[in-house]
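[1] quick one: sequence and predicted model below, then my questions.
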Amino acid sequence: MKTTLLLSVLCAVMAVAASEVCGSEICATDESCNNITNTCKCNSTLYPFVRGSLPSPNLTCTGAKFNIQVSKCWLEVHGYNISDIRLNGTDSGCFAVREVVDGISEMTIHNPVVNSPCNTVPTVNETHVTYSNQLRIFGKTYPIRTTNDVAVNISCSYPLLINVTLNVTLHPVIGSTVISGTTGNGSYVAVMMAYKDEFLTPLSDSDSLTVEDNVYISVFIPDLDVNTFNLSVVNIYASPTISSDQKYYLLKDGCPAKDVSVDQLAVVKNGLGTESRFSMKVFKIASSSSVYLYAELSLCTVNCTATCGPTSRSSYSQDIAGRVSISLDATETNYYLDSSSPSGFSMPWTLSALIFSWMLMKLM
C-alpha cells in the first residue's frame, strides 16, 4: 500500500517536473522549450517515423460535442500541417488547436454536433440519431510535400428513447439543437420530429400535406437522465419564414394559447419524462408556402406539467434553455359549393386561411 502510494507521488512529481514554462506556453512531457523562439518543440525521438502510417485520432461524444484529439508531435514527425486540421468547414471553431491532455501535446477539437458551421449531417434510423462529419488532416506542402492529405469519417450517435420504427430510406422532418442544463455546465441534444400518425410513422420531407391534415409533434432529449430532469416545452409558435419576427403562438406557458381550439393543438404529454408530445392541424400563414414551428424548451428537476383549465392555469415561469424548430409545407385544398346540394356548406380555402391567420394575429 505504502509502495503504491509512493510510486503515485513520484509519478506526479516527475510529471510536474517535466512540465516546462516556455514563453507564454507550458511544454508537455513530449516537448522541450526552444529558448530562441520561446516556443515548445516536439521531442521527435519519442515518435519514430514509420512510412505509410496514418493518424489515429481519438473521438469521444460527450456534452453533445465532437471531442477529438490526435498527437501533435506524431503529426509533425509524419509530415502533417498542424495548423490545418479541421472538420468539414472553414469557421474558426472547426479547426484543431493545441491542448495539453494528460501531459501530452494534442491537437484537439471540441465542436457541438448540431448548430455548428462545420456542416455536420444528421441521420436517423430505427434506434438512433447520428451526427456525422469528416476530420481533415492536411500534409505539409512547404518546402516539399511528403505526405498525402487524410480524411477521417467521424460520427456521434444518440439513442432514440421513443417507441418508433423508422424506414432507413426515409428523410424525416427533423430539427435538432443543443440546450444547456439547469446549472449551465452540461448540454444536451434536443430533437424535434413530425409524424403523420400517432407517433408511429415519421413524416418525410417528400410527403404532401394539406391544410387541416393531422400531424403529431414530438420533442425529446435522447440522453436526458430521467431520474434527474424532466423536459418541458414552454412555448410553441409559428413563423412564416426562418428570419421573421412574426410569432403566432400555439402553446404559451405550457398550455394551448388563448383562442387556439382543442383540435388545432392538443397537449398529449409535456413536462414529465424525456419526451413531450403534441397533436395539431396543419395550417398555412397567409402569403407564405411554409410554416416554421419553434419549440422553446426548459429542463426542470421536478414534475413540471402545467395545469390548463378553461378558467384558470397554473403559474408557469421557467427559464428557457434553448429552442428547436422544424418546417412544414402545406398545399392548398379548395372546397366548392354544390348549388344542387340542399345541405352542407364549405368555405374556399383562401378565405378560411385568411380567417385563421387573423385569429393567430390575435394571439401575438
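    That came through, no problem.

[2] contacts, neighbours, all on C-alpha from now
    Fine.

[3] could I get the full set of helices for the protein?
    With DSSP state H as the criterion, the chain has helices at 2-18, 72-77, 349-361.

[4] least confident of those helices, on average?
    For those, the weakest mean pLDDT is recorded on helix 349-361, namely a mean of 33.

[5] so where's the stretch 201-350 of the chain shaky on pLDDT?
    310-317, 331-350 (pLDDT under 70).

[6] just the strands in it please.
    Along the stretch 201-350 of the chain, the stretches classed as strands by DSSP state E, counting those that start in this stretch are 209-210, 214-220, 230-239, 248-252, 255-256, 265-269, 275-281, 290-300, 322-331.

[7] need the ones you listed in a markdown table with mean neighbour count and distance to T147, can you?
    Shown next, in a markdown table, are the strands of the stretch 201-350 of the chain (neighbours: other Cα atoms under 10 Å; distance: least, Cα to Cα, whole Å):
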| stretch | mean neighbour count | distance to T147 |
| --- | --- | --- |
| strand 209-210 | 18 | 52 |
| strand 214-220 | 23 | 45 |
| strand 230-239 | 25 | 49 |
| strand 248-252 | 22 | 56 |
| strand 255-256 | 22 | 60 |
| strand 265-269 | 17 | 56 |
| strand 275-281 | 21 | 48 |
| strand 290-300 | 22 | 47 |
| strand 322-331 | 19 | 43 |
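
[8] can you pull the contacts of the residue nearest to I221 when sequence neighbours are not counted?
    Among residues not flanking I221 along the chain, A190 sits closest, at 4.6 Å (Cα to Cα, 6 or more residues apart in numbering). Neighbouring residues of A190 by Cα atoms under 8 Å, 6 or more residues apart in numbering: 176-179, 219-222, 324.

[9] hmm, try it at 6 Å
    By Cα atoms under 6 Å, 6 or more residues apart in numbering, A190 lies in contact with 176-178, 220-221.

[10] make TSV from these and add distance to T60 to it.
    Compiled in TSV, the contacts of A190 are given as follows (distance: Cα to Cα, whole Å):
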residue	distance to T60
S176	20
T177	19
V178	17
F220	22
I221	19
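
[11] farthest pair in these?
    Across the contacts of A190, the longest distance by Cα to Cα is 11.7 Å; it joins V178 and F220.

[12] which one of the contacts of A190 sits closest to F278?
    F220 (11.7 Å).

[13] what about the closest one, distance to V226?
    11 Å (Cα to Cα, to the nearest Å).

[14] for the residue nearest to V219 when sequence neighbours are not counted, grab the count of nearby residues.
    Closest residue to V219 apart from its sequence neighbours, by Cα to Cα, 6+ apart: M192 at 4.4 Å. Neighbour count for M192, taken as other Cα atoms under 10 Å: 24.

[15] wait, M192 touches G175, no?
    Yes: assessed by Cα atoms under 6 Å, M192 is found in contact with G175 at 5.1 Å.

[16] quick one on the thing from earlier: tell me the bridge partners for the residue nearest to I221.
    Beta-bridge pairing for A190 (DSSP bridges): T177.

[17] that one and C42, how far apart?
    Per Cα to Cα, A190 is found 41 Å from C42.

[18] before we move on, what about C94?
    Distance from C94 to C42, by Cα to Cα: 24 Å.

[19] check Y80 too.
    Distance, Y80 to C42, using Cα to Cα: 13 Å.

[20] looking at the two, which is more packed in?
    Shown here are Y80 and C42; by other Cα under 10 Å, Y80 has more neighbours (25 against 22).

[21] I'd say that one and G139 touch.
    Yes: counting by Cα under 6 Å, G139 is a contact partner of Y80 at 4.1 Å.

[22] how many neighbours does D263 have?
    11.

[23] same question, D102
    Residues near D102, counting by other Cα under 10 Å, number 10.

[24] same check, this time on G52
    G52 is flanked by 8 other residues according to other Cα under 10 Å.

[25] now do the end-to-end distance for stretch 266-281.
    Start and end residues of stretch 266-281 are separated by 9 Å (Cα to Cα).

[26] so how far is T305 from I179?
    20 Å.

[27] tell me which of the two has more neighbours.
    Ranked by neighbour count (other Cα under 10 Å), I179 and T305 place I179 first, with 22 against 19.

[28] so the more buried one touches Y188, yeah?
    Yes: between I179 and Y188 a contact is recorded at 5.4 Å, counting by Cα under 6 Å.

[29] isn't V324 right up against A295?
    Yes: here V324 reaches A295: they are 5.4 Å apart, a contact under Cα under 6 Å.

[30] identify the contacts common to the two.
    Common contact partners of V324 and A295 (Cα under 6 Å, 6+ apart): none.
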